[in-house]
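Asks: Structure, please.
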Amino acid sequence: MNRETLSTEHIWELLSAKLRSFLLQRVSDPQMAEDLLQETFLRIHNKLGDIDDKQRITAWVFQIARNLVVDHYRSKGRDPDAAMPDDVEAPTHEEGNLNELVESWLPPMIAQLPDTYREAVELYELKEIPQQQIADKLGISLSGAKSRVQRGREKLKSLLFECCSFEQDRRGNIIGYVRHDPEACDDCNEACNP
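Replies: Okay, here's the model as predicted:
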């Protein structure tokens, strides 16, 4: 998929509710939080073409919102660090992560893998069968089973990244994603529809 198809509308659909909550936790006035939300998306719209790393889009979006909150407090003559209740970063712990959602996409995406890899990856990833048992079941060597699992996982990863860009926290949890092109993503449309 072409990553240039990422649009402000896609980002709005995926992140506006989280951004609104994020801003309301940091600005006590709901109208001001709404104004900051609108300003965040205006800046996203104006700068979206300039961002190089589309996989880090969630962090970039929340950094814009954080900067606007800081500017808001500074314009009022208040220290933003004292005024904000906690460290302002993209939500991770308080809103959870999206690991389970993305894991739910795996079965239909694994089904798209070539036969050679599909069964090995299903057994390993979905049924959590050890690689030696996979080798025995498929009638191949242990190194052959390991190779099929590894190559199948690489192909699965490629399928996922063709469909979406993912944002991860420092622990590797998925905290955001943006679909590249919902119209062109026919193979995983059903799997990836939140």
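Asks: these two touch, right, K137 and Y124?
Replies: No. The criterion here is CB atoms under 8 Å, and K137 misses it with Y124 at 11.0 Å. In this view, the C-beta of every residue, glycine as well, is placed from N, C-alpha and C.
Asks: More neighbours: those two, which one.
Replies: Using other CB atoms under 10 Å as the criterion, K137 and Y124 rank with Y124 on top: 21 against 13.
Asks: Three-state assignment for the more buried one, please.
Replies: At Y124 the chain is in helix, as set by DSSP: H, G, I helix; E, B strand; the rest coil.
Asks: S28 too?
Replies: Once three-state DSSP is applied, S28 turns out coil.
Asks: show me the contacts for it.
Replies: By CB atoms under 8 Å, 6 or more residues apart in numbering, the contact list for S28 is empty.
Asks: roughly how far apart are it and V69?
Replies: 12 Å (CB to CB, to the nearest Å).
Asks: how does the protein divide into domains?
Replies: 3-83, 99-192 (automatic domain parsing).
Asks: Please tabulate those in JSON lines and include mean pLDDT as additional columns.
Replies: Putting those into JSON lines (pLDDT from 0 to 100) gives the following:
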{"stretch": "domain 3-83", "mean pLDDT": "81"}
{"stretch": "domain 99-192", "mean pLDDT": "84"}
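Asks: mind listing what's buried in stretch 106-123?
Replies: The neighbour-count check on stretch 106-123 (16 or more other CB atoms under 10 Å) flags 106, 109-110, 113, 117-123 as buried.
Asks: Give me the next element, helix or strand, following the longest helix along the chain.
Replies: Ranked by residue count under DSSP state H, the longest helix found in the chain is helix 142-163. Counting by DSSP states H and E, the next helix or strand C-terminal to helix 142-163 is strand 164-168.
Asks: Could you list the paired strands of the helix or strand just after that following strand along with their orientation?
Replies: Note on strand 164-168: by DSSP H and E, the next helix or strand toward the C-terminus is strand 174-179. According to DSSP bridges, strand 174-179 forms sheet pairs with strand 164-168 (antiparallel).
Asks: Having no further points to raise, I will conclude here.
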